[in-house]
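>>> only geometry, no sequence info:
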């Protein structure tokens with residue numbers, strides 16, 4: 001990605017994107033400026049990645065790309081500060097619920113994109129939904145896709161599907177950690193140590209996901225392969241479904257989606 005890049009915010013998500021971009025040599029550290037709240041945070045980024053970092057905006061005339069990595073409730077406060085960006089500046093927002101229409105109204109001269117990564121981008125295993133605004137083009141889309149493919153996999157989609165994917169993959173690690181913790185609790189109830197139970201739960205979720213991706217086989221088929229007639233697995237699944245496992249997960253995803261739309265309205 002050519003030119004100078006400004007990261008506004010570098011928390012869990014922004015930091016993961018920044019580290020991935022530098023580690024995969026998609027950007028030169030000295031071409032990056034990170035805007036953060038405290039000097040301590042700025043010093044930490046300078047030390048870790050040798051990037052430019054501070055608590056004050058740099059000269060925005062030199063900026064070719066802006067990564068807006070702040071919370072959705074903070075983004076509307078920050079947008080006016082960069083309303084004079086040069087025409088054609090690439091702007092990438094990772095704020096949930098803030099629509100492209102609102103972003104393009106705030107800074108119409110920019111080339112706007114939205115992305116919804118999930119936290120596993122921090123370990124190079126994230127899924128990122130990417131969508132272009134009205135001025136998006138194939139060249140910019142390819143550059144941004146390369147950025148997110150370096151820390152997982154990018155899916156280029158419509159803005160409508162980005163909101164849908166937010167409810168599954170964007171927030172999905174949260175669901176997975178709850179499931180992982182629940183499985184570990186069950187292991188402890190059975191007599192395992194907490195450490196062993198967590199490792200068993202984590203590897204089970206990791207391995208199941210990898211099998212689905214590598215084999216491109218429907219989850220129901222993979223499930224059938226491990227459920228012997230009258231066996232232990234089908235007994236466990238039957239009890240979980242009786243207790244509402246499927247409906248609870250589906251209703252949770254729908255609630256997440258509705259909340260994302262609500263954030264966009266306000």
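Sure, I can see it. Source: prediction; values computed, not measured.

>>> quick one, strands of the stretch 1-150 of the chain?
4-8, 32-35, 52-54, 63-68, 90-93, 111-116, 126-132 (DSSP state E, counting those that start in this stretch).

>>> tell me the helices in the stretch 101-250 of the chain, going along the chain?
Assigned helices in the stretch 101-250 of the chain, in chain order: 138-149, 159-165, 172-190, 194-215, 219-226, 232-242, 245-265 (criterion: DSSP state H, counting those that start in this stretch).

>>> Looking at these, which one is packed in the most?
helix 159-165 (a mean of 18; mean count of other C-beta atoms under 10 Å). Bear in mind the C-beta positions are built from the backbone N, C-alpha and C, glycine included.

>>> neighbouring contacts of that one?
Contacts to helix 159-165, defined as C-beta atoms under 8 Å, 6 or more residues apart in numbering, come from residues 97, 99-100, 114, 116, 127, 129-131, 155, 157, 257, 260-261, 264.

>>> go on, stretch 226-237?
residue 223.

>>> okay if I get the helices of the stretch 101-250 of the chain as TSV plus distance to residue 78?
Converted to TSV, the helices of the stretch 101-250 of the chain look like this (distance: least, C-beta to C-beta, whole Å):
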stretch	distance to residue 78
helix 138-149	20
helix 159-165	21
helix 172-190	25
helix 194-215	35
helix 219-226	40
helix 232-242	44
helix 245-265	16
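
>>> Least confident of those, on average?
Ranked by mean pLDDT, the helices of the stretch 101-250 of the chain bottom out at helix 245-265, with a mean of 89.

>>> other SSEs contacting that one?
Helices and strands touching helix 245-265, by 3 or more C-beta pairs under 8 Å, 6 or more residues apart in numbering; DSSP states H and E, are helix 159-165, helix 172-190.

>>> try 7 Å this time
helix 159-165 (3 or more C-beta pairs under 7 Å, 6 or more residues apart in numbering; DSSP states H and E).

>>> How far does the helix it packs on sit from its chain's centre?
Centroid displacement of helix 159-165 relative to its chain, using C-alpha atoms, centre = their mean, to the nearest Å, is 13 Å.

>>> nearest residue to the residue nearest in space to the middle of the chain other than its sequence neighbours?
Nearest to the geometric centre of the chain sits residue 117, at 1.8 Å (C-alpha atoms, centre = their mean). Using C-beta to C-beta, 6 or more residues apart in numbering and skipping the chain neighbours, the partner closest in space to residue 117 is residue 128 (4.2 Å).

>>> swap in residue 61?
Using C-beta to C-beta, 6+ apart, the closest residue to residue 61 is residue 86 (6.3 Å).

>>> how deep is that neighbour tucked in, by neighbour count?
Residue 86: 12 surrounding residues under other C-beta atoms under 10 Å.

>>> again with residue 26
16.
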